[in-house]
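>>> 3D model of this:
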Amino acid sequence: MLFLFAVLLAVRSYQLHIYLRDIPHFIGLGVVSIALFNWCYFTVMEQSSLSIAVVLLYTSPVFVALMSRFIFKEPLTKNKLIAICFTLAGCAFVAGLLPGGAPAVEPGILLLGLASGFSAAFTA
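Residues are numbered from 1 along each chain as shown. Next up, the predicted model:
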């Protein structure tokens, strides 16, 4: 980290400037979303299994792709849609929502796991 900071300071020091008006955004997106992510993630680990918690956490790229579509007007390409479908299908198998998958997960645990992925998407 120190090496990368030194390189950035030498090459593009203007990118290290922080505006005071941006600090509430840093607090909101950093502290609040990390705290929410950790709470949801560890609650799912306590109430369910580690594998379910991890799989539901890794729905965050789906949320990033969807938020990017609406916030930054990025297109949802064919590859992104295929990746989203495979991610959701894999999560559905692990959560027991599809036949042949794991035993069913309680809806509250499923929502907390998805909330951990959603809040982790804000830190990406």
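
>>> Do a quick rundown of the strands in this structure.
Under the criterion DSSP state E, the chain contains no strands.

>>> give me the number of residues near the closest residue to Leu29 other than its chain neighbours?
Ranked by CB to CB, 6 or more residues apart in numbering and with sequence neighbours excluded, the top spatial neighbour of Leu29 is Phe122, at 5.3 Å. Glycine gets a C-beta too; all of them are placed from N, C-alpha and C. By other CB atoms under 10 Å, 18 other residues sit near Phe122.

>>> Kindly report the same for Leu88.
Count around Leu88 with other CB under 10 Å applied: 13.

>>> measure the closest residue to Val64 other than its chain neighbours to Phe86 for me?
Using CB to CB, 6+ apart and skipping residues adjacent in sequence, the residue nearest Val64 is Ala121, 4.7 Å away. Ala121 sits at a distance of 17 Å from Phe86 (criterion: CB to CB, to the nearest Å).

>>> So for those two, which residue has more residues nearby?
Per other CB under 10 Å, whichever of Ala121 and Phe86 has more neighbours is Ala121, with 20 against 10.

>>> Now do the contacts for the residue nearest to Val64.
Going by CB atoms under 8 Å, 6 or more residues apart in numbering, Ala121 touches 60-61, 63-64, 67.

>>> Tell me which residues touch Ser119, please.
33-34, 36-37, 40.

>>> 10 Å - rerun?
29, 32-41, 57, 60, 63 (CB atoms under 10 Å, 6 or more residues apart in numbering).

>>> Please apply the same query to Lys80.
61-62, 64-66, 68-69, 74.

>>> Let me see the confidence value for it.
Listed pLDDT for Lys80 reads 95.

>>> mind checking how far it is from Ala120?
Lys80 sits 18 Å away from Ala120 when distances are taken as CB to CB.

>>> before we move on, the earlier item: list just the nearest of the contacts of Lys80 to Ser48.
Val62 (19.6 Å; CB to CB).

>>> Only the buried members of the contacts of Ser119: can you turn that into a PyMOL selection?
The PyMOL selection below is limited to those of those classed as buried (16 or more other CB atoms under 10 Å):
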select buried, resi 33+36+37+40+41+57+60+63
